[in-house]
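Enquirer: mind folding the following:
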Amino acid sequence: MLGLYFLTFVLLIAFSVPIAYALGLSTILVFWVDAQPLPLFTQRLWTGLDKFTLVAIPLFILAGELMGGSGILSRLLDFSRLLVGRIKGSLLHINILVSMFFGGINGSAIADTSAVGSMLIKATEEEYGDAELAAATTAVSSVIGPIIPPSLPMLIYAFAAGNVSIAAIFLAGIVPGVLLGVALLLMTALLVRKRNYPVSRQRYSFMDVFHITRRFLVAAILPVIMVAGIVGGFATPTEAGCLAIVYALFIGFVVTRELSVAHVLVAMERTVIVTAVVMIIISFGNVSTWWLTIEGVPRTISAFVQGFTDSPVVFIGLMLVIYLTIGLFIEQAAAMVMLVPIFAPLASNYGIEPVQFGLFTCLTLAFGLVTPPVGLCLFVSAGIAGVPVQRVAVAALPYLIAMFMVILLVGFVPQVYLWLPRWFGF
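Expert: Numbers count the residues shown, from 1 in each chain. Got it, this is the predicted structure:
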């Protein structure tokens, strides 16, 4: 029966069936062949969504969409230009910094690629004549978004694992997110040092610095409100999402005055679409995971891995290979819904802290967003730049090496970032 399930799943993916539907159709088939009652299938669909934590997902998405339409991105761009605008390859460095700031507001890598890429890829191509590098920088730097809190993948992981504090994993993501940004900035400096790129000579007065910084802080407060509310115990993730929406509406209508009712309606429409996709993945993934559990797959995998090694270091290395391989073919959210219920308990058996394994999972599976053949961020940035995705993938290789170094640090040296949640008592 397991052979039929996996064969059907692989064939459906080969025929470009979306991952969620491939999971659902494969499970329905084995239910029918195994004479399982089909009403049980629909019951598990519902129970997979009947979790209070999931309510925060559309709220986080809507807050990010509203901030994106409030003129916030231009403020982030101005502040980034203030910081690094006078160094060689400044537009590439600005791209990375904007992704760090915007990721903390939006929490979605694909939204980051689309929004930042639309503003900077063409401008960078006109300035430096290198569309491939501009697209590659945009794609890889967008991965910072799901790592710096607030983060949608972290919410999904917390739901799938069931044994990790959302506040703790949010706090743990701050240091690796910053390290990833710094690594990409250093790699950019290495890439452009021998290129004949023009250098901006623009100077800023004290009042310019004050004005730009003040405008930036208006945007930077949003992630602080969300994360501080959750960490401080003043708000649940759902309540933090509601506060973020209220703040985004206030900023858009009162402060920047760039948000309109039409923008709000578009943001709500996009929120419904993205939320529906995520919930479909979660519901079908829950049914699939439940059936695999009934068939004893997690127990078999656990026994095999524990028989293979009793070292947590070797286990993390094994998971690194599995995650990187799975990420080549399956999108991050779907992979977490499928794999986390199986591997998170196994990680606990090895004495690996839930926060460490959660952050390692989110970052490693995010690697697949910028690697072919599925790499959604890679395809989005290549589409904006108007160049073949293969050329963008080649240009992204140095950045992927830098990102891989950070993944190794997260997986094997957790002391680098676990001190922060521990400092807050988690």
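
Enquirer: in the stretch 151-300 of the chain, where is pLDDT below threshold?
Expert: Counting by pLDDT under 70, the stretch 151-300 of the chain has no low-confidence residues at all.

Enquirer: quick one: the helices in it, in order.
Expert: For the stretch 151-300 of the chain, helices defined by DSSP state H, counting those that start in this stretch occupy the ranges 152-161, 166-192, 206-231, 237-250, 261-294, 297-308.

Enquirer: mind listing what's buried in the second one?
Expert: Just to be clear, that refers to helix 166-192. 166-177, 179-181, 183-185, 187-188, 191-192 (16 or more other CB atoms under 10 Å). (Each C-beta comes from the backbone N, C-alpha and C, glycine too.)

Enquirer: please apply the same query to the third one.
Expert: Residues of helix 206-231 classed as buried under the neighbour-count rule (16+ other CB under 10 Å) are 212, 215-216, 218-220, 222-223, 225-227, 229-231.

Enquirer: then the first one?
Expert: By neighbour count, and taking 16+ other CB under 10 Å as the criterion, the buried residues in helix 152-161 are L152, P153, M154, L155, I156, Y157, A158, F159, A160, A161.

Enquirer: where's the nearest residue to the third one once chain neighbours are set aside relative to A262, distance?
Expert: Just to be clear, that refers to M154. Excluding its sequence neighbours, the residue lying closest to M154 (CB to CB, 6 or more residues apart in numbering) is I169, at 5.1 Å. Noted for I169: a distance of 36 Å to A262, by CB to CB, to the nearest Å.

Enquirer: from the buried residues of helix 152-161, pick the one nearest F367.
Expert: P153 (12.2 Å; CB to CB).

Enquirer: give the contact list for that closest one.
Expert: P146, Q332, A333, M336, C362, L365, A366 (CB atoms under 8 Å, 6 or more residues apart in numbering).

Enquirer: could you do P149 as well?
Expert: With CB under 8 Å, 6+ apart, P149 has these contacts: G104, G107, F170, L171, G173, I174, G177, P223, M226, V227.

Enquirer: report the secondary structure state of it.
Expert: What DSSP: H, G, I helix; E, B strand; the rest coil gives for P149 is coil.

Enquirer: nearest residue to E125 other than its sequence neighbours?
Expert: Counting by CB to CB, 6+ apart, the residue nearest E125 is A131, at 4.3 Å.

Enquirer: who touches P373 in this structure?
Expert: L328, F329.

Enquirer: for S114, see how far away it is.
Expert: 20 Å.

Enquirer: in JSON lines: the helices of the stretch 151-300 of the chain, plus distance to L92.
Expert: Formatted as JSON lines, these follow (distance: least, CB to CB, whole Å):
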{"stretch": "helix 152-161", "distance to L92": "25"}
{"stretch": "helix 166-192", "distance to L92": "5"}
{"stretch": "helix 206-231", "distance to L92": "20"}
{"stretch": "helix 237-250", "distance to L92": "29"}
{"stretch": "helix 261-294", "distance to L92": "28"}
{"stretch": "helix 297-308", "distance to L92": "41"}
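
Enquirer: for those, which one sits closest to L29?
Expert: helix 261-294 (10.8 Å).

Enquirer: I'd like to know which elements the closest one is packed against.
Expert: Under the contact criterion of 3 or more CB pairs under 8 Å, 6 or more residues apart in numbering; DSSP states H and E, helix 261-294 touches helix 19-33, helix 38-49, helix 56-68, helix 152-161, helix 332-349.

Enquirer: give me the distance between F308 and P198.
Expert: F308 is 55 Å from P198, where distance means CB to CB.

Enquirer: and the closest residue to L369 other than its chain neighbours, what does it touch?
Expert: Residue nearest to L369 in three dimensions, not counting chain neighbours: C377, with 4.5 Å by CB to CB, 6+ apart. With contact taken as CB under 8 Å, 6+ apart, C377 is in contact with A109, I110, T113, T138, A139, V140, S142, V143, L369, V370.

Enquirer: hang on, isn't the residue nearest to M154 packed against G358?
Expert: Yes - shown here, I169 and G358 form a contact pair, counting by CB atoms under 8 Å, at 5.0 Å.

Enquirer: okay, and the common contacts of these two?
Expert: Residues touching both I169 and G358 (CB under 8 Å, 6+ apart): M154, Y157, A158.

Enquirer: mind listing what the residue nearest to the second one when sequence neighbours are not counted touches?
Expert: The shortest distance from Y157 to any residue other than its chain neighbours is 4.9 Å, reached at G358 (CB to CB, 6+ apart). Residues in contact with G358, defined by CB under 8 Å, 6+ apart, are M154, Y157, A158, A161, V164, I169, A172, A344.

Enquirer: out of the residues you listed, which comes closest to G252?
Expert: Closest to G252, out of all of the contacts of G358 and judged by CB to CB, is M154, at 25.4 Å.

Enquirer: so how far is A344 from that closest one?
Expert: Distance from M154 to A344, by CB to CB: 13 Å.

Enquirer: do the same with F210
Expert: 47 Å.

Enquirer: for F101, same thing?
Expert: Distance from F101 to A344, by CB to CB: 31 Å.

Enquirer: again, but for T188
Expert: 35 Å.

Enquirer: cool, and T300?
Expert: To A344, T300 is 16 Å away according to CB to CB.

Enquirer: who has more neighbours, the two?
Expert: Comparing T300 with A344 by neighbour count (other CB atoms under 10 Å), the higher total belongs to A344, at 21 against 12.

Enquirer: I figured V231 hits G425, correct?
Expert: No - using CB under 8 Å, V231 is not in contact with G425, being 9.5 Å away.

Enquirer: can you tell me the SS state at the residue nearest the centre of the chain?
Expert: For the chain, the residue sitting closest to the mean C-alpha position, by CA atoms, centre = their mean, is P146 at 2.9 Å. Here P146 is coil, with the state taken from three-state DSSP.

Enquirer: what's the spacing between the residue nearest to it when sequence neighbours are not counted and N95?
Expert: Spatial nearest neighbour of P146, excluding adjacent residues (CB to CB, 6+ apart): P153 at 4.4 Å. Separation of P153 from N95 (CB to CB): 21 Å.

Enquirer: swap in Q332?
Expert: Taking CB to CB, one finds Q332 at 21 Å from N95.

Enquirer: with I245 instead?
Expert: According to CB to CB, I245 and N95 sit 28 Å apart.

Enquirer: these two - which one has more neighbours?
Expert: N95 (27 against 21).

Enquirer: next structured bit after the helix or strand in which that one is found?
Expert: Assigned by DSSP states H and E, N95 falls within helix 90-106. Counting by DSSP H and E, the next helix or strand C-terminal to helix 90-106 is helix 109-128.

Enquirer: okay, the angle between that next one and helix 166-192?
Expert: Interaxial angle of helix 109-128 relative to helix 166-192 (axes from the mean of the first three to the mean of the last three CA atoms, to 10 degrees): 20 degrees.
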